[in-house]
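# just coords:
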């Protein structure tokens, strides 16, 4: 496994994307504990420190996105659900809406 593959694997596992339930946090908690332990005994260099920091930050974002996805649809979000986020309020399609 090359370096890039190892880093990708770290992010996938930490974010819970390599598990049955996306955004699952048990592995991230274990990685955070291992990281804190390694930092405490000063065996975590700057590269590993940065990688683990970024992986855990990404895991937090994935967890939040999964939690939002699990929420029931609200009345407000249903009203505009047929409109693309790139459409203007005029209803024209495309990025920023088309002007005819």
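That came in fine, so what should we check first? Keep in mind it's a predicted model, so treat the numbers as computed, not measured.

# the longest helix in the chain is where?
With DSSP state H setting the assignment, residue counts place helix 46-70 as the longest helix in the chain.

# which residues touch that helix?
Taking CB atoms under 8 Å, 6 or more residues apart in numbering as the criterion, the residues outside helix 46-70 that touch it are 7, 10-11, 14-17, 22-23, 25, 28, 31-32, 35, 38-39, 44. Heads up, the C-betas are built off the backbone N, CA and C, glycines and all.

# now those: which count as buried?
10-11, 14-17, 23, 25, 28, 31-32, 35, 44 (16 or more other CB atoms under 10 Å).

# quick one: which of those residues sit in helices?
Among the buried ones among the contacts of helix 46-70, the subset assigned to helices under DSSP H consists of 10, 11, 14, 28, 31, 32, 35.

# now those residues as TSV including distance to residue 61 and pLDDT?
As requested, these are exported to TSV (distance: CB to CB, whole Å; pLDDT from 0 to 100):
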residue	distance to residue 61	pLDDT
10	15	93
11	11	94
14	11	92
28	11	91
31	15	94
32	15	95
35	17	94
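
# quick one: buried residues of the longest helix of the chain?
Residues of helix 46-70 classed as buried by neighbour count (16+ other CB under 10 Å): 51, 52, 55, 56, 58, 59, 62, 63, 66.

# circling back: in the buried ones among the contacts of helix 46-70, find the pair that's most separated.
Comparing every pair within the buried ones among the contacts of helix 46-70 by CB to CB identifies 23 and 44 as the most remote, at 25.2 Å.
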